[in-house]
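**Student:** got a sequence here, can you build the structure:
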Amino acid sequence: MGPARGTMPDRDVRSIRDLIFYQYAKIIAKRALASGDATRAKRQHYGVVKKTFCGLRDGVIAWSEITREDWQLVESDRVCAYCGSTQNLHHEHVVPKSLRVKPECAYCERLLGIHNQVLACADCNQAKATRGLYDFYRARFPGDAKFYDRLPPLVEKKYLKTMFYCHECAGTLDCADPNCDGVVSVEDIDFILRMPIGPPSA
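**Tutor:** Down below sits the predicted model:
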């Protein structure tokens, strides 16, 4: 395992569903503990992550509708979601619209619509291309084992919510280590983007 690949730090994270909920829980925990004493916040962080993760996994709590992130993007400054540039901005699909786990993906509103879009500069748009978000950030920060912690929270939340439905549609939410590299990591979430096209649904 290379230095830029990171495993999930919790033994209860065993599937794509768990990975998505765990990453989302980390975002929520960072926001909840952003203010106040930094040392205390660090000690509390894991407890908040674990509680939020278990709540999502067990259906005790639910994440917000993705329209929340849509409105946050509308109300934010017009900058690249990945690097902050204000130049040459385009609408970019966070989950690549080239995803084809089923023929229906070609006209899926979740992939093509605003729920799956952010603003990105031409350079970032080209660099990301058809990569998954975690694969893109691993390539951007090859020396950082926790490259996934560098993702902008708003972008990652849109990505996780969209990928949840894509995995649900593909029937892969409960798969563990689909890329068969021996570790359960965020890159398993991206693996669906490299799956061959499936048969049409009935």
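**Student:** let me see the mean pLDDT of the helix or strand harbouring Gln126.
**Tutor:** Using DSSP states H and E, Gln126 maps to helix 122-128. For helix 122-128, mean pLDDT rounds to 96.
**Student:** name the residues of it that are buried.
**Tutor:** By neighbour count with 16 or more other Cβ atoms under 10 Å, helix 122-128 contains the buried residues 124-125, 128. All C-beta atoms are positioned from the backbone trio N, CA, C, and that covers glycine.
**Student:** what does the domain assignment say about the protein?
**Tutor:** 13-63, 65-173 (automatic domain parsing).
**Student:** which outside residues touch stretch 120-131?
**Tutor:** Residues outside stretch 120-131 that contact it (Cβ atoms under 8 Å, 6 or more residues apart in numbering) are 80-83, 85, 87-92, 96, 98, 136, 139-140, 190, 193.
**Student:** please work out which residues outside stretch 147-162 touch it.
**Tutor:** With contact meaning Cβ under 8 Å, 6+ apart, stretch 147-162 is reached by 4, 6, 20, 23-24, 26-27, 30-31, 63, 66, 69, 72-73, 76, 81-82, 94-95, 110-111, 115-116, 118, 133-134, 137-138, 140-141, 144, 186, 189.
**Student:** scratch that, stretch 60-70 is what I was asking about
**Tutor:** Residues outside stretch 60-70 that contact it (Cβ under 8 Å, 6+ apart) are 24, 52, 54-56, 114-115, 154, 157-158, 161-162.
**Student:** now His63: how far from Thr52?
**Tutor:** Quick fix: residue 63 reads Trp, not His. Distance, Trp63 to Thr52, using Cβ to Cβ, to the nearest Å: 10 Å.
**Student:** so what's the residue count around the nearest residue to Ser85 once chain neighbours are set aside?
**Tutor:** Nearest non-adjacent residue to Ser85, counting by Cβ to Cβ, 6 or more residues apart in numbering: Cys121, 4.1 Å away. Cys121 has 21 neighbouring residues, counting by other Cβ atoms under 10 Å.
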